[in-house]
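Sequence below, structure please.
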Amino acid sequence: MRPALPLGLLALLVLVLASCRANAPVNDPGEPMSLRVATLNTSLYATEAGGLLARLQSGDEAARSIAAMIQRQRPDIVLLNEFDYDAAGEAAGVFQRDYLGVDQFGESAIVYRYAYLAPVNTGEPSGLDLDRNGSVAGRGDDAWGYGLHPGQYGMLVLSNHPIDIDAARSFRLLRWSTMPGALVPKDPETGEAWYPPQVWSQLRLSSKSHWDLPIDTPLGRLHLLAAHPTPPVFDGMERRNAARNHDEIRLWAEYLSPGDKPWLCDDQGRCGGLPAAERFVIVGDYNADPTDGNSLTGSIQQLLEHPRVLAYAAPRSEGAVVAAGDSASDDGRRHLAAQDTAQFGPRNGNFRVDYVLPSIGLTVIDSGVFWPAPGQPGAEWLDATDHRMVWVDIAVVGGTSVPTDANRD
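Numbers count the residues shown, from 1 in each chain. Here you go, the predicted model:
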């Protein structure tokens with residue numbers, strides 16, 4: 001493992017010239033100020049390095065649809081999963097300028113003044129035989145996180161409000177074996193650890209990355225806790241991906257729990273969790289449904305039932321209910337179809353895997369999943385990705401400040 005670089009060298013803050021409307025709406029001073037936070041797995045990735053940039057530069061209909069979803073919902077802060085990373089931030093810049101910055105399908109352009117992107121583990125060669133097939137491929141299953149090139153399936157955060165880069169934390173390099181009580185995958189034939197000691201001691205926990213991004217909003221400082229754990233499938237009877245998914249989710253649960261955590265060190269060597277007084281919002285595609293699917297039992301409950309996470313009614317959509325009726329594989333579901341956030345085809349079914357989870361100290365004003373039913377506006381955009389945007393409007397408990405966001409009417 002190479003030494004961790006200063007986060008300032010890993011992160012790229014993209015400052016886009018803001019063109020705020022001169023006539024921002026005036027709100028009732030007694031109206032609670034709210035902030036819309038969203039997550040969307042965009043499926044904007046390519047099989048070759050530079051492929052996404054080439055797609056965007058040549059004009060991409062799927063990217064137009066993704067941009068239209070964002071323009072329709074107009075979140076103040078949004079995490080985009082599966083957006084390929086490049087060190088120069090060119091793809092992110094083109095997407096903001098030529099897609100979000102241009103009216104799409106009748107929706108109004110939207111400008112984000114701040115963006116955050118940084119390296120991820122996907123596609124980065126580990127130099128180890130992680131899939132135990134006798135060879136080191138250099139990518140795919142032998143990368144630190146599955147990917148065909150470094151940066152594939154990356155993450156991108158867009159924000160109307162300043163991101164404190166100096167205080168941001170990344171846990172991309174954290175070793176899985178340092179987590180106390182880690183779910184060590186077992187070889188089902190021998191009962192021994194599936195990974196050899198020399199591999200297990202080096203294997204990184206995060207399949208992409210885990211970011212704590214402090215954002216200074218009109219509600220005060222919020223920590224955006226962003227991640228995209230590995231799917232709990234594409235493995236074998238040893239369930240190594242399911243175990244990793246569980247412990248990637250557990251990382252945030254540990255980060256929020258009290259007590260000394262000398263093992264929980266970020267890529268700059270700063271150790272410990274999030275102080276109890278700090279407010280946060282967990283966002284991302286966590287590849288874990290509360291009751292259905294292939295994740296280990298209780299995986300996402302580590303966050304849903306955490307004492308620092310606000311309990312609120314799950315975001316819903318009408319379109320998810322209609323889609324569930326069209327999927328034969330959803331007949332045995334145990335959760336409510338209206339809560340689904342992803343559609344994986346008639347063979348696999350629909351699941352709730354994308355989350356926006358505010359902390360206690362915040363209150364939810366409104367929430368939803370952007371999943372219009374057939375015939376409703378925006379339904380034609382949904383083919384761009386197999387996931388749906390989840391959005392939540394939050395406010396500070398007891399807060400009465402005036403909203404000033406010029407991007408949302």
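
Can you name the residues that contact Q376?
Shown in contact with Q376 (C-beta atoms under 8 Å, 6 or more residues apart in numbering): 318-319. All C-beta spots, glycine's among them, are computed from the backbone N, C-alpha and C.

That one: what secondary structure?
Q376 falls in the coil class when you classify it by DSSP: H, G, I helix; E, B strand; the rest coil.

what's the answer for A92, then?
A92 carries the three-state label helix when classified by three-state DSSP.

got the contact list for stretch 127-147?
With C-beta under 8 Å, 6+ apart as the criterion, stretch 127-147 contacts 120-126, 148-150, 153, 194-195, 198-199, 202-204, 206-208, 230, 234.

residue boundaries of the helices in the chain?
Ranges of helices in the chain, per DSSP state H, are 7-10, 51-58, 61-73, 90-95, 197-200, 240-256, 301-304, 318-325, 345-348.

Of all those, which one is nearest V102?
Of all the helices of the chain, the one in closest proximity to V102, counting by C-beta to C-beta, is helix 61-73 (7.7 Å).

The closest one versus helix 51-58: what angle between them?
If you take axes from the mean of the first three to the mean of the last three C-alpha atoms, to 10 degrees, helix 61-73 sits at 80 degrees to helix 51-58.

Need the nearest residue in space to the spatially most central residue of the chain, chain neighbours excluded.
Of all residues in the chain, the one closest to the mean position by C-alpha atoms, centre = their mean is G284, 2.5 Å from it. Distances taken as C-beta to C-beta, 6 or more residues apart in numbering place A227 nearest to G284, at 4.8 Å, with adjacent residues excluded.

Surely the one you found touches D212?
No - in this structure A227 lies outside contact range of D212 using C-beta atoms under 8 Å: 9.8 Å.

Those two: which has the busier surroundings?
Of the pair A227 and D212, A227 is the one with more neighbours under other C-beta atoms under 10 Å, namely 24 against 21.

in the sheet, who's paired with that one?
Applying DSSP bridges to A227 gives these bridge partners: H210, G284.

picking up where we left off before, mind putting the helices of the chain into JSON lines with distance to D354 and mean neighbour count?
Shown next, in JSON lines, are those (distance: least, C-beta to C-beta, whole Å; neighbours: other C-beta atoms under 10 Å):
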{"stretch": "helix 7-10", "distance to D354": "25", "mean neighbour count": "15"}
{"stretch": "helix 51-58", "distance to D354": "21", "mean neighbour count": "17"}
{"stretch": "helix 61-73", "distance to D354": "13", "mean neighbour count": "21"}
{"stretch": "helix 90-95", "distance to D354": "19", "mean neighbour count": "22"}
{"stretch": "helix 197-200", "distance to D354": "30", "mean neighbour count": "12"}
{"stretch": "helix 240-256", "distance to D354": "13", "mean neighbour count": "23"}
{"stretch": "helix 301-304", "distance to D354": "13", "mean neighbour count": "18"}
{"stretch": "helix 318-325", "distance to D354": "12", "mean neighbour count": "18"}
{"stretch": "helix 345-348", "distance to D354": "16", "mean neighbour count": "12"}
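
can you put these in CSV and add mean pLDDT and distance to Y114?
Output for the helices of the chain, formatted as CSV (pLDDT from 0 to 100; distance: least, C-beta to C-beta, whole Å):
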stretch, mean pLDDT, distance to Y114
helix 7-10, 36, 15
helix 51-58, 98, 20
helix 61-73, 98, 15
helix 90-95, 98, 12
helix 197-200, 97, 38
helix 240-256, 98, 23
helix 301-304, 98, 26
helix 318-325, 92, 31
helix 345-348, 85, 36
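
follow-up on the earlier one: pull out the buried members of the contacts of stretch 127-147.
Among the contacts of stretch 127-147, those classed as buried by 16 or more other C-beta atoms under 10 Å are 120-124, 126, 148-150, 153, 194-195, 199, 202-204, 206-208, 230.

from the residues you listed, which ones fall inside strands?
Per DSSP state E, strands hold no members of the buried ones among the contacts of stretch 127-147.

Residues in contact with stretch 298-313: which ones?
Contacts for stretch 298-313 (C-beta under 8 Å, 6+ apart): 232, 245-246, 249-250, 252-253, 256-257, 276, 280, 282, 286, 288-290, 355, 357-360, 362-364, 367.

Mind doing that once more with 7 Å?
With C-beta atoms under 7 Å, 6 or more residues apart in numbering as the test, stretch 298-313 has contacts from 245-246, 249-250, 252-253, 256, 282, 286, 288, 290, 357-360, 362, 364.

If you count neighbours, what's buried in it?
Applying 16+ other C-beta under 10 Å to stretch 298-313 flags 299-300, 302-304, 306, 308-310 as buried.

for this structure, what spans make up the strands?
12-13, 35-44, 77-83, 114-117, 155-159, 169-170, 210-217, 220-227, 279-285, 342-343, 350-351, 354-358, 362-370, 389-396.

Partner strands of the third one and their direction?
Translated: strand 77-83. strand 35-44 (parallel), strand 155-159 (antiparallel).

give the contact list for R352.
289-290, 314, 335, 339-341.

Go ahead and confirm T230 touches D247.
No - assessed by C-beta atoms under 7 Å, T230 is found out of contact with D247, at 10.1 Å.

follow-up on the earlier one: let me have the strands of the chain in JSON lines, extended by mean pLDDT and distance to V136.
Formatted as JSON lines, the strands of the chain follow (pLDDT from 0 to 100; distance: least, C-beta to C-beta, whole Å):
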{"stretch": "strand 12-13", "mean pLDDT": "40", "distance to V136": "30"}
{"stretch": "strand 35-44", "mean pLDDT": "98", "distance to V136": "29"}
{"stretch": "strand 77-83", "mean pLDDT": "98", "distance to V136": "25"}
{"stretch": "strand 114-117", "mean pLDDT": "98", "distance to V136": "28"}
{"stretch": "strand 155-159", "mean pLDDT": "98", "distance to V136": "26"}
{"stretch": "strand 169-170", "mean pLDDT": "98", "distance to V136": "26"}
{"stretch": "strand 210-217", "mean pLDDT": "98", "distance to V136": "26"}
{"stretch": "strand 220-227", "mean pLDDT": "98", "distance to V136": "27"}
{"stretch": "strand 279-285", "mean pLDDT": "98", "distance to V136": "28"}
{"stretch": "strand 342-343", "mean pLDDT": "96", "distance to V136": "32"}
{"stretch": "strand 350-351", "mean pLDDT": "95", "distance to V136": "33"}
{"stretch": "strand 354-358", "mean pLDDT": "98", "distance to V136": "33"}
{"stretch": "strand 362-370", "mean pLDDT": "98", "distance to V136": "41"}
{"stretch": "strand 389-396", "mean pLDDT": "97", "distance to V136": "38"}
